[in-house]
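>>> Pasting the sequence and the predicted coordinates here, then a few questions.
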Amino acid sequence: MTKTMLLAIFTVAVLLTGTIATPMGLIESADALKSKGTSASAINSKKVCGDRLCSEPAPEVKTEAKKKEEVKSEKKTESAEKAKEVPKKDAKAETMEKAKETASLKVPKTVTGVITSVQDPGQGHEGHQLAIILPPSEKTYRGHLTYTASENVQLVALHGPLKAGMAKGQPTWTMDGKKMFGLTFIDKETSSGVWQFTGNAVALHTKNSEPFTVTYSVTYTENPASEKVIRGTLTSQQDPGIGHETHQLAVILGPSNGKTFSGHLTYDASEPVQIVTLIGPMSKSDLTTMPYWTPDGETYYGLVLVPSNAAGSTMFSGNALALHTMNETPFTVSYSLVLTK
């Protein structure tokens, strides 16, 4: 009986030992796979892979450079999305706009040559000589002329044709008594020089009956009438400036909210004039030692007044442009003006 019981207890102990040993062996095998690796045929490597199976991909480690690259990529994506939201301009309208801008650009032309004068075809000038550099045109020429002649010459620019009734004492030129032009006639008493001009025709002239010869180079643009290309004839009015009540003023460009003008003016008047440029408006305290002009005692302009002849050609820059005399009687002026600003 006692032997039988001992045999039974021994058998049970053996069985329990086997049951516990089997899982422990499996755990040890799994740990071995992670720590010692597997055969090359399974994962192509016998190296230790740390805390992961060699067959598992290594975790991605983001460097600082890679983070910056990702931020840039995100910003580009955002910019692309915003660009999609902005409405695109009509391609045809944009092309037409660019074409207009290109067409508005005046390309200067240069002509050089040697010419001999002919009898002046103007009425009252039959005994004079004329060398036409730029013939009469509906467009306004602007440019400069360099010349040398065989004798002293006068510079001529025509403005017009004038409207009916606008010939009021200023020098004029006409071939038929009907089509009239304002006449800028400048005698520098020299045979050579450089002249900047605006006008509808340009020529050199003498009061002699014998022909003269001139060598010249002229660079110019042709400008159709526009807001920046103005020709006309004005009769002066009483100067509205305080202290100038007995003077006459022909306003070519009036003050316009501080807008600045610049360009070239060629003119002929019925008497000698002064060229007036206004600068401002300005504070009266800034003009204590300078000439100024004011229409009402509240708005003040710096006054630039340059004595001139009855005819001339000048560059200018300022906030207003006019011709002026210190006489009480009106004068008339014909002019051509091309603005560069």
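Structure's in. What do you need?
>>> can we go C-alpha only for contacts and neighbour counts from here?
OK.
>>> ok, V251 - contacts?
When contacts are counted by CA atoms under 8 Å, 6 or more residues apart in numbering, V251 is found next to S236, L321, A322, L323.
>>> can you do 6 Å?
A322 (CA atoms under 6 Å, 6 or more residues apart in numbering).
>>> give me phi/psi at it?
Main-chain torsions, V251, degrees, to the nearest 10: phi -80, psi 120.
>>> Over to the one 10 residues further on?
With angles defined as degrees, to the nearest 10, F261 sits at phi -110, psi 150.
>>> Name whatever forms a beta bridge with it.
G318 (DSSP bridges).
>>> thought it was touching G318?
Yes - counting by CA atoms under 6 Å, G318 is a contact partner of F261 at 5.4 Å.
>>> Relative to K259, how far out is Y301?
Here the criterion is CA to CA, to the nearest Å. By it, Y301 lies 13 Å from K259.
>>> Show me which of the two is the more surrounded one.
Y301 (23 against 14; other CA atoms under 10 Å).
>>> Could I get the pLDDT score of that one?
Per-residue pLDDT puts Y301 at 94.
>>> repeat for the one 5 residues further on
Per-residue confidence for V306 comes out at a pLDDT of 93.
>>> tally of neighbours for the nearest residue to D176 once chain neighbours are set aside?
Distances taken as CA to CA, 6 or more residues apart in numbering place Q123 nearest to D176, at 7.1 Å, with adjacent residues excluded. By other CA under 10 Å, the residues close to Q123 number 13.
>>> Check Q123 and give its pLDDT.
94.
>>> Would you check how far apart it and M175 are?
Distance of Q123 to M175, given as CA to CA: 6 Å.
>>> go on, P121?
Counting by CA to CA - P121 and M175 are separated by 6 Å.
>>> same check, this time on R142
Distance from R142 to M175, counting by CA to CA: 23 Å.
>>> And the two? Which one has more around it.
The residue with more neighbours, out of R142 and M175, is R142; 27 against 14, by other CA under 10 Å.
>>> List the residues that contact the more buried one.
For R142, the contact set (CA under 6 Å, 6+ apart) comprises F197, T198, Y220, T221.
>>> Is it correct that the third one is in contact with T146?
Pointing back at Y220 there. No - in terms of CA under 6 Å, Y220 does not count as a neighbour of T146; the distance is 11.6 Å.
>>> more neighbours, the two?
The neighbour count for Y220 versus T146, taken as other CA under 10 Å, is higher for Y220 (21 against 15).
>>> and that one, helix, strand or coil?
Three-state call for Y220 (DSSP: H, G, I helix; E, B strand; the rest coil): strand.
>>> Would you quantify the distance from the closest residue to A250 other than its chain neighbours to P330?
In this structure, A250 finds its nearest non-sequential neighbour in S236, 4.3 Å apart by CA to CA, 6+ apart. For S236, the distance to P330 (CA to CA) stands at 5 Å.
>>> more neighbours, the two?
With neighbours defined as other CA under 10 Å, S236 and P330 compare such that S236 has more, 20 against 17.
>>> ok, that one touching A269?
No - between S236 and A269 there is no contact under CA under 6 Å: 10.2 Å.
>>> mean confidence score for the host helix or strand of H264?
Take DSSP states H and E as the rule and H264 turns out to sit in strand 261-269. The pLDDT scores in strand 261-269 average 95.
>>> I'm done for today, thanks for sticking with me.
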